[in-house]
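**Student:** Have a look at this fold, sequence not included:
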């Protein structure tokens with residue numbers, strides 16, 4: 001599989017993988033190669049020091065490798081100072097790497113000496129930077145330089161008496177025998193074969209990296225905030241760009257209801273197109289989902305016959321049936337070739353993705369195996385978006401039903417009662433005007449009570465975004481607002497100056513405080529309320545106290561004892577369980593109630609809704 005990876009999409013390239021487009025990755029590759037170059041030069045100097053016969057005894061022998069070492073250090077220095085590595089810079093460095101092995105081999109024991117490692121390095125560098133063809137071209141350039149040196153040494157230098165014209169090079173030795181054609185031929189074959197091998201391995205590695213990058217890029221398109229349709233649009237755009245396809249069609253069926261859904265993304269003539277849902281009928285299930293072979297297949301029409309390659313879930317080729325299903329599909333969809341990938345999600349949905357008129361180079365079965373692996377990884381992510389979308393929809397429906405029930409059982413019923421009492425009062429005003437004042441006061445009290453209930457309901461419906469930094473101020477504001485609205489004296493005290501508490505514990509503690517204050521107002525008939533938060537090295541402790549009438553029992557009971565007796569604040573008990581805490585209720589009828597919630601610091605909060 002061959003890809004050009006760009007920021008927004010993976011476009012199909014009809015050839016081979018391109019060099020990495022990320023400047024930082026290119027820069028890192030060049031720095032790694034520069035480090036390896038310096039290490040190779042130091043190793044060569046150490047080898048000559050231990051065995052000087054490899055280059056003779058002239059001081060200039062060490063100078064040659066010293067120049068190469070300086071060259072490597074300069075490349076490292078430039079790479080550290082430059083923000084990016086340009087193509088011209090890389091080609092210049094690579095050209096020097098090509099020339100150096102051919103040059104040093106003249107003064108060594110020939111190209112087959114231990115300095116053959118320089119040839120290997122330049123081939124490995126080409127493979128690491130680019131791919132197959134660049135590595136082969138590098139090997140061919142090395143071979144060409146060696147044959148040019150052979151011609152010069154055997155035809156020109158031999159006629160000069162086999163003497164070097166410079167006195168400083170007099171100690172160097174040249175093994176002309178190693179440059180004879182019969183010896184150089186086999187070395188050329190070795191270099192070309194090595195270039196082919198290293199280039200092939202590098203090409204396959206780059207393909208593998210490109211495939212993983214394509215999967216990662218597609219998974220990044222799966223976003224909950226985009227919704228199911230937006231996610232399918234992004235995925236289909238990605239697939240369409242990868243294969244330069246004319247259209248991408250998604251056919252899915254809900255298994256238990258047998259409903260069929262069709263969605264399509266067309267070629268936007270250069271502009272991004274939108275994913276649209278199409279009208280469908282029950283007959284489309286047979287046309288799009290039945291009688292097709294394997295888990296993934298590729299079909300192309302060749303005159304009057306269909307050429308079809310299909311693979312099962314394990315990537316093995318399966319026998320292709322007749323072309324009747326393709327003919328039926330072509331009656332509805334116009335295409336010359338297509339790829340189809342089937343999917344099943346959680347036993348609830350099944351379907352196929354059709355990619356019409358795709359284009360690529362390479363082996364068909366390998367391409368189909370890649371697509372099979374791709375959608376195995378992307379499919380569950382899409383299904384999770386669907387599940388979360390459905391969960392949110394159901395949670396929203398349940399919350400709306402709860403609010404409607406609260407309004408019907410509370411505010412609506414109370415307003416109806418008030419309306420009836422006002423009607424009675426209007427009738428009494430004509431005969432007994434002295435009772436109007438007291439009745440209006442009672443009705444005003446009822447309306448004030450309903451206003452408080454509606455405010456509490458609105459407070460419960462608000463989403464809570466509180467963390468340990470804001471928790472103390474939010475609780476203090478809630479207690480002060482409760483005192484203003486109800487007239488009940490309320491205080492919040494704490495010994496914590498800097499709180500370090502998980503966000504979930506903060507949210508549940510705040511909900512417990514709100515629910516506890518609501519219970520004080522509704523049921524306790526208290527005149528004073530106290531909210532206290534204390535903390536130590538092992539736990540957090542939240543306490544709510546009032547001086548009201550208390551629960552219909554006397555004593556101090558744990559949460560398990562409350563559950564066995566069927567007593568205690570139900571909502572608060574559930575919230576305490578969510579944060580793995582412990583609840584204790586102390587009730588003194590006629591004197592008040594004390595709720596104590598303790599949560600260990602090392603506890604794990606439940607994610608239960």
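**Tutor:** All right, it came through fine. This one's a predicted model, so the numbers in the text were calculated from it and none came from an experiment.

**Student:** switch to C-alpha atoms for all contacts and neighbour counts from now on
**Tutor:** Noted.

**Student:** Tell me the spacing between residue 391 and residue 593.
**Tutor:** Between residue 391 and residue 593 the distance, using CA to CA, to the nearest Å, works out to 38 Å.

**Student:** what about the two, which has more around it?
**Tutor:** Between residue 391 and residue 593, residue 593 has the larger neighbour count (other CA atoms under 10 Å), namely 25 against 12.

**Student:** Show me the contact partners of the helix or strand hosting the more buried one.
**Tutor:** With elements taken from DSSP states H and E, the one containing residue 593 is strand 592-600. Contacts of strand 592-600 with the rest of the structure, by CA atoms under 8 Å, 6 or more residues apart in numbering, involve 524, 526, 538-551, 576, 579-587.

**Student:** so how far is it from its chain's centroid?
**Tutor:** Mean-position distance between strand 592-600 and its chain equals 42 Å (CA atoms, centre = their mean, to the nearest Å).

**Student:** for the stretch 301-450 of the chain, which spans come out with low pLDDT?
**Tutor:** For the stretch 301-450 of the chain, applying pLDDT under 70 flags the ranges 396, 399, 402-404, 406-412, 427, 430, 433-437, 448-449.

**Student:** picking that back up, just the ones in strands from the contacts of strand 592-600, please.
**Tutor:** Cross-referencing the contacts of strand 592-600 against strands under DSSP state E gives 539-546, 582-587.

**Student:** okay if I get the residues you listed as TSV plus pLDDT and distance to residue 476?
**Tutor:** Shown next, in TSV, are the ones in strands among the contacts of strand 592-600 (pLDDT from 0 to 100; distance: CA to CA, whole Å):
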residue	pLDDT	distance to residue 476
539	89	21
540	90	17
541	92	16
542	93	13
543	93	14
544	92	13
545	92	15
546	92	17
582	91	23
583	92	22
584	92	23
585	91	23
586	91	24
587	89	25
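
**Student:** out of the residues you listed, who's nearest residue 313?
**Tutor:** Compare each of those with residue 313 using CA to CA and the shortest gap goes to residue 582, at 50.4 Å.

**Student:** What is the burial count for that closest one?
**Tutor:** For residue 582, the count of nearby residues is 17 (other CA under 10 Å).

**Student:** swap in residue 393?
**Tutor:** For residue 393, the neighbour count with other CA under 10 Å is 12.

**Student:** Could you grab the helix/strand/coil label for it?
**Tutor:** Assigned with DSSP: H, G, I helix; E, B strand; the rest coil, residue 393 falls in the helix class.

**Student:** Each with direction, which strands does the strand or helix carrying residue 533 pair with?
**Tutor:** In this assignment (DSSP H and E), residue 533 forms part of strand 528-535. Counting by DSSP bridges, the strands paired with strand 528-535 are strand 489-494 (parallel), strand 539-546 (antiparallel).

**Student:** ok, now how distant is residue 344 from residue 566?
**Tutor:** From residue 344 across to residue 566, the span is 45 Å (CA to CA).

**Student:** need the strands for the stretch 151-300 of the chain, in chain order.
**Tutor:** Taking DSSP state E, counting those that start in this stretch as the criterion, the stretch 151-300 of the chain contains strands spanning 247-254, 260-266, 276-278, 296-302.

**Student:** would you list these in JSON lines and tack on mean neighbour count?
**Tutor:** As requested, the strands of the stretch 151-300 of the chain are arranged in JSON lines below (neighbours: other CA atoms under 10 Å):
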{"stretch": "strand 247-254", "mean neighbour count": "22"}
{"stretch": "strand 260-266", "mean neighbour count": "21"}
{"stretch": "strand 276-278", "mean neighbour count": "14"}
{"stretch": "strand 296-302", "mean neighbour count": "20"}
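
**Student:** Columns distance to residue 441 on top of those strands, output as JSON lines?
**Tutor:** JSON lines is the format used below for the strands of the stretch 151-300 of the chain (distance: least, CA to CA, whole Å):
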{"stretch": "strand 247-254", "distance to residue 441": "59"}
{"stretch": "strand 260-266", "distance to residue 441": "61"}
{"stretch": "strand 276-278", "distance to residue 441": "60"}
{"stretch": "strand 296-302", "distance to residue 441": "77"}
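
**Student:** The residue most central in space within the chain: what's it in contact with?
**Tutor:** Nearest to the mean C-alpha position of the chain, counting by CA atoms, centre = their mean, stands residue 220 at 4.7 Å. Not one residue lies near residue 220 by CA under 8 Å, 6+ apart.

**Student:** check contacts around residue 309.
**Tutor:** Neighbour list for residue 309: 297, 298, 299, 317, 318, 320, 364, 365 [criterion: CA under 8 Å, 6+ apart].

**Student:** quick check, it in a strand?
**Tutor:** Yes: assessed by three-state DSSP, residue 309 belongs to a strand.

**Student:** quick one: it from residue 23, how far?
**Tutor:** To residue 23, residue 309 is 39 Å away according to CA to CA.

**Student:** now swap in residue 125 and tell me
**Tutor:** Going from residue 125 to residue 23 by CA to CA gives 17 Å.

**Student:** between these two, which one's more packed in?
**Tutor:** Counting neighbours by other CA under 10 Å for residue 125 and for residue 23 shows that residue 125 has the greater number, 23 against 13.

**Student:** The strand or helix carrying the more buried one packs against which elements?
**Tutor:** Per DSSP H and E, residue 125 falls inside helix 116-129. Helices and strands touching helix 116-129, as assessed by 3 or more CA pairs under 8 Å, 6 or more residues apart in numbering; DSSP states H and E, comprise helix 23-50, helix 87-107, helix 132-151, helix 181-220.

**Student:** Let's see that with 7 Å instead.
**Tutor:** helix 87-107, helix 132-151, helix 181-220 (3 or more CA pairs under 7 Å, 6 or more residues apart in numbering; DSSP states H and E).

**Student:** Can you name the residues that contact residue 545?
**Tutor:** The contact partners of residue 545, taken as CA atoms under 7 Å, 6 or more residues apart in numbering, are 529, 530, 531, 593, 594, 595.

**Student:** okay if I get those as JSON lines plus distance to residue 468?
**Tutor:** Compiled in JSON lines, these are given as follows (distance: CA to CA, whole Å):
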{"residue": "529", "distance to residue 468": "23"}
{"residue": "530", "distance to residue 468": "21"}
{"residue": "531", "distance to residue 468": "17"}
{"residue": "593", "distance to residue 468": "27"}
{"residue": "594", "distance to residue 468": "24"}
{"residue": "595", "distance to residue 468": "22"}
